[in-house]
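A.B. asks: give me the fold of what follows.
(one chain, ligands or ions: 1)
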Amino acid sequence: MSSEHEIENLSHESRSFAPSAEFSKSAIAQPNIYQDSKANRLEFWADRARELDWSKPFTQTLDWSNAPFAKWFADGELNVSYNCLDRHVEAGFGKRVALFFEGEPGDTKVYTYLDLLIEVKKAANVLLKLGVTAGDRVAIYMPMIPEAIIAMQAVVRIGAVHSVVFGGFSADSLASRIQDAEAKVVITADGGFRKGKASALKPAVDEAIADGKCPSVTNVLVVKRTGQDVAWNSSLDLWWDEEMHVVENEHVAQGFNAEHPLFILYTSGTTGKPKGILHTTGGYLTQAAFTHKNVFDLHAAQDIYWCTADVGWITGHSYVAYGPLANGATQVIYEGTPDSPDWGRWWDIVQKYHVSILYTAPTAIRSFMKIGSSVTKHYDLSSIRVLGSVGESINPEAWMWYREVIGSSKAPIVDTWWQTETGAIMVSPLPGITHTKPGSAQVAIPGIEISVVNDEGQEIQAGHGGYLTITEPWPSMLRGIWGDPERFKETYWSRFEGKYFAGDGAKLDEDGDLWLLGRVDDVMNVSGHRLSTTEIESALVSHPFVAEAAVVGAKDETTGQAVVAFVILRRSQLDHIGSEADTSKILREHVAKEIGAIAKPRTIFVVAELPKTRSGKIMRRLLRDVAEDRPIGDVTTLADTSVMDTITGRLNDGASD
Ligand code: PRX
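C.D. replies: Reported below is the predicted structural model:
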């Protein structure tokens, strides 16, 4: 937690913006919601759960007897897909638009709730035909197209478990995720459109499962999106379209136990191996739906909602594939990048579909801010009435720009703090109630209990900084790490007794509002995406050139943090190694191959030594000073105090990429 950050926040924290009286009057969440949730927290959640359709009602709300393994609504049964689709059609909303799809090349497609239901039923029948049954795992590696959502809904409809792998991850990353979950089927596409080009996906699947590396996989279903050539393995591969064509339109959704596994989503931790975060059925959908409706003030019959996240991340699960559909919302999904064909694309989409609720990440907001309002002023953004932010702290300057330029100085901003592990929003303003402060995520949502604690686990006073913990179980909490219950306990529940430790530093201001101060562990946050320093270090040392590597997250104006690597090269390889620029290029490509392009270091410094304590631990704090171009901090615990002079001396001579 840098003191610099705290000072910046302090100078801003007195400013706040009240919602307009008109907004507050018709807001979904009214002020009594806080008292109601406090009066009986479990009953509050049980009432939220009862807003869903249960094929078998639950009688028990929470079973915490085997903490930290929670059971919510444990004797109830429901079907997530039925709740997201069938029940809206049965209630007479079949003609309401569920998805407005905007492809990057400009092609569009509209799905009503009835259309989507029919597609999901067919896809469920395709999976059944391939022998997928309840509990089986299905990997999904797709571009941001409607079939990605149809696939997710179809998998959970039959009680199978999906593991969506972001399309930007490499074949190796995909393979390790398929292996860990022992996925039976992989659903992919030939490719997707990004930055004006067709970008292939199928070859990565082919490579991931080649040479018997993923023996669990019995079929690969391929959506035709770009029409590019693909290699074909006729014993495994099937075209999605052909299969969808020959199955029945009807599928009756059966209820599954509330604690039935729903999905696994891999996320980076502090070790080299990503963790498969496990979510289950009833509690997850309850909190995803409740937060989506209340935090974004969703009036389903009028609003057009757009969350820019990819389904490969938790935001794309909870606030694209599940929450909005559970609430019968009309949403926009967009396949491509914000700058295709130019930086006006998003605002063109807002104008075209009259988007009223926009949910995105600070890194995108900062990119637009850099370009300036010369782009946005060509578009009519007056439909926007609520703005959301997620993924990292939003700096007050970006917050103000978002409010003034995108929100026409009237739309409330909800800065939502949560994690893959929490499954749904945990800390956020409520837009009709909270007086919002630029840069602060502010307060726990109703039904959630948090505490900021010091090193000893004691609650800190307002005005101080500490660690963000969650003190009571919540419905959408992770139920574990796939295949590793010990790691689950150790990672989240061992640092502070009886509390979930989120890995984030935070501060409470004098009003008791929460300010997130970034990760306190070895996890970086690049463009709102989680990356592990250790995972990238392992990727670097797996290259024959590299003897040792240390990776740090350095402050970056646009992406929040950027990956900066320090490497020591192998003496034995020096004859094969070209110029420093070449080496850097080779190593960056190597990381992209091992993990994915998002993990590529921005900068690689070749150094002769790394700063280590006497016990051999790399002092990343000092490397961060170098990477952020700051004076080097306290070096007294270094085994060899001259190391930092060597590193900075060398770098000042211009040795970087
Ligand atoms: O450090 C916090 C940051 O993102 C981490 C969770 O990353 P991930 O599991 O990938 O989920 C991202 C989308 C929910 C957190 O531990 N983070 C997320 N939202 C915020 C945030 N930091 C500050 N403010 C936020 N609103």
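A.B. asks: got the contact list for the closest residue to the ligand within the stretch 151-300 of the chain?
C.D. replies: For the stretch 151-300 of the chain and the ligand, the shortest gap (Cβ to the nearest ligand atom) falls at Thr267, measuring 5.2 Å. All C-beta spots, glycine's among them, are computed from the backbone N, C-alpha and C. Going by Cβ atoms under 8 Å, 6 or more residues apart in numbering, Thr267 touches Pro274, Lys275, Ile277, Ile314, Thr420, Glu421, Arg530.
A.B. asks: narrow those to those in helices?
C.D. replies: The members of the contacts of Thr267 that map onto helices under DSSP state H are Ile314.
A.B. asks: returning to what we had before: who are the neighbours in contact with the nearest residue to the residue of the stretch 151-300 of the chain closest to the ligand once chain neighbours are set aside?
C.D. replies: In space, and not counting its chain neighbours, Thr267 is closest to Thr420: 4.3 Å by Cβ to Cβ, 6 or more residues apart in numbering. By Cβ under 8 Å, 6+ apart, Thr420 lies in contact with Leu265, Thr267, Ile277, Trp313, Ile314, Leu478, Arg530.
A.B. asks: and the furthest pair within those?
C.D. replies: Spanning the widest gap among the contacts of Thr420 are Trp313 and Leu478, at 15.0 Å by Cβ to Cβ.
A.B. asks: the two: which has the busier surroundings?
C.D. replies: Just comparing Trp313 and Leu478: by other Cβ atoms under 10 Å the higher neighbour count belongs to Leu478, 25 against 22.
A.B. asks: the more buried one contacts Glu421, correct?
C.D. replies: Yes: the pair Leu478 / Glu421 is scored as a contact, 4.5 Å apart, by Cβ atoms under 8 Å.
A.B. asks: quick check: neighbours shared by those two?
C.D. replies: Joint contacts of Leu478 and Glu421 (Cβ under 8 Å, 6+ apart) are Ile277, Tyr492.
A.B. asks: how near is Glu392 to Gln561?
C.D. replies: Between Glu392 and Gln561 the computed distance is 8 Å (Cβ to Cβ, to the nearest Å).
A.B. asks: ugh, typo on my part, it should be Glu537
C.D. replies: 16 Å.
A.B. asks: which one of these two is surrounded by more residues?
C.D. replies: Between Glu537 and Gln561, Gln561 has the larger neighbour count (other Cβ under 10 Å), namely 25 against 22.
A.B. asks: which helix or strand lies directly C-terminal to the helix or strand in which that one is found?
C.D. replies: Gln561 belongs to strand 560-569 when assigned by DSSP states H and E. As assigned by DSSP H and E, the chain's next helix or strand after strand 560-569 is helix 580-594.
A.B. asks: what helices and strands are in contact with that next one?
C.D. replies: Other elements packing on helix 580-594 under the criterion 3 or more Cβ pairs under 8 Å, 6 or more residues apart in numbering; DSSP states H and E are helix 171-181, helix 533-541, strand 560-569, strand 603-606.
A.B. asks: okay, that helix in CSV with CA atoms only?
C.D. replies: This file holds the C-alpha atoms of helix 580-594, laid out as CSV (Å, rounded to 0.1, in the frame of the first residue of the first chain):
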residue,chain,number,x,y,z
GLU,A,580,19.2,-7.3,-26.0
ALA,A,581,16.3,-6.1,-28.1
ASP,A,582,16.1,-9.5,-29.8
THR,A,583,16.3,-11.3,-26.5
SER,A,584,13.5,-9.2,-25.1
LYS,A,585,11.3,-9.9,-28.2
ILE,A,586,12.0,-13.6,-28.0
LEU,A,587,11.1,-13.7,-24.3
ARG,A,588,8.0,-11.6,-24.7
GLU,A,589,6.8,-14.0,-27.4
HIS,A,590,7.7,-17.0,-25.2
VAL,A,591,5.5,-15.6,-22.4
ALA,A,592,2.6,-15.1,-24.8
LYS,A,593,3.0,-18.7,-25.9
GLU,A,594,3.1,-20.1,-22.4
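A.B. asks: could you check the pLDDT of the residue nearest to Lys293 when sequence neighbours are not counted?
C.D. replies: Once flanking residues are discounted, Lys293 sits nearest to Asn327: 5.1 Å by Cβ to Cβ, 6+ apart. Note on Asn327: pLDDT of 98.
A.B. asks: one more: Ile371?
C.D. replies: 89.
A.B. asks: hmm, the strand holding Gln561 in reach of the ligand?
C.D. replies: No: for a cut-off given as Cβ under 6 Å from any ligand atom, strand 560-569 has no contacts with the ligand; the smallest distance is 9.0 Å.
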